[in-house]
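> Sequence below, structure please.
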Amino acid sequence: MLAGVLETANLNSNAANTLTNLRQRQPNKPLYVSEFWPGWFDQWGEKHHTMSIQHFETEVSDIIFKVNSSINFYMFIGGTNFGFMNGGHVITSYDYNAPLSESGL
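Below you'll find the predicted structure:
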């Protein structure tokens with residue numbers, strides 16, 4: 001850890017434990033989840049990555065209410081990557097199982 005730099009967390013599970021440990025390492029700094037992933041990117045031929053609404057609700061509630069942390073959703077709204085610029089074997093729907101779909105659902 002660098003002096004004066006805020007250490008943050010990137011996660012999608014075990015938030016309360018991770019953030020409690022982070023608070024112990026930097027007790028006088030705010031807690032911040034810089035990337036909360038509601039899913040993951042998919043590759044051609046793989047099973048679609050999803051997170052149940054119950055898991056999502058539990059983790060987000062733990063982050064906000066149990067350990068009093070701020071949160072940034074990666075991603076909150078999903079989208080499609082047009083123009084064949086997905087790269088490698090990643091599909092063109094880049095939504096990470098976002099809570100709000102590209103169509104607004």
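> pLDDT of the helix or strand encompassing residue 60, averaged?
Taking DSSP states H and E as the definition, one finds residue 60 inside helix 53-61. Mean pLDDT, helix 53-61: 94.
> Go through that helix and flag the buried ones.
Neighbour counts over helix 53-61 (16 or more other C-beta atoms under 10 Å) mark 56, 59, 60 as buried. No exception for glycine: its C-beta is placed from N, CA and C like everyone else's.
> Can you tell me which of those residues lies closest to residue 96?
Using C-beta to C-beta, residue 56 comes nearest to residue 96 of the buried residues of helix 53-61, at 11.8 Å.
> Does the closest one touch residue 99 like I think?
Yes. Under the criterion of C-beta atoms under 8 Å, residue 56 makes contact with residue 99 at 7.0 Å.
> Need the overlap of contacts for these two.
Common contact partners of residue 56 and residue 99 (C-beta atoms under 8 Å, 6 or more residues apart in numbering): residue 38.
> returning to what we had before: can you add distance to residue 105 and give the buried residues of helix 53-61 back as JSON lines?
Listed next are the buried residues of helix 53-61 as JSON lines, based on distance: C-beta to C-beta, whole Å:
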{"residue": "56", "distance to residue 105": "15"}
{"residue": "59", "distance to residue 105": "21"}
{"residue": "60", "distance to residue 105": "19"}
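> hey, where'd the helices end up in this protein?
Under the criterion DSSP state H, the chain contains helices at 15-25, 53-61.
> Let me have these in JSON lines, extended by distance to residue 44.
Formatted as JSON lines, those follow (distance: least, C-beta to C-beta, whole Å):
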{"stretch": "helix 15-25", "distance to residue 44": "30"}
{"stretch": "helix 53-61", "distance to residue 44": "25"}
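> now this protein, which segments are flagged as low pLDDT?
Low-confidence segments of the chain (pLDDT under 70): 1, 81-88, 90.
> ranges for the strands of it?
In the chain, the strands defined using DSSP state E lie at 9-11, 32-36, 70-73, 79-80, 93-94.
> Distance to residue 46 and mean neighbour count for these - can I get that in a markdown table?
Output for the strands of the chain, formatted as a markdown table (distance: least, C-beta to C-beta, whole Å; neighbours: other C-beta atoms under 10 Å):
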| stretch | distance to residue 46 | mean neighbour count |
| --- | --- | --- |
| strand 9-11 | 21 | 16 |
| strand 32-36 | 21 | 19 |
| strand 70-73 | 23 | 14 |
| strand 79-80 | 18 | 12 |
| strand 93-94 | 13 | 16 |
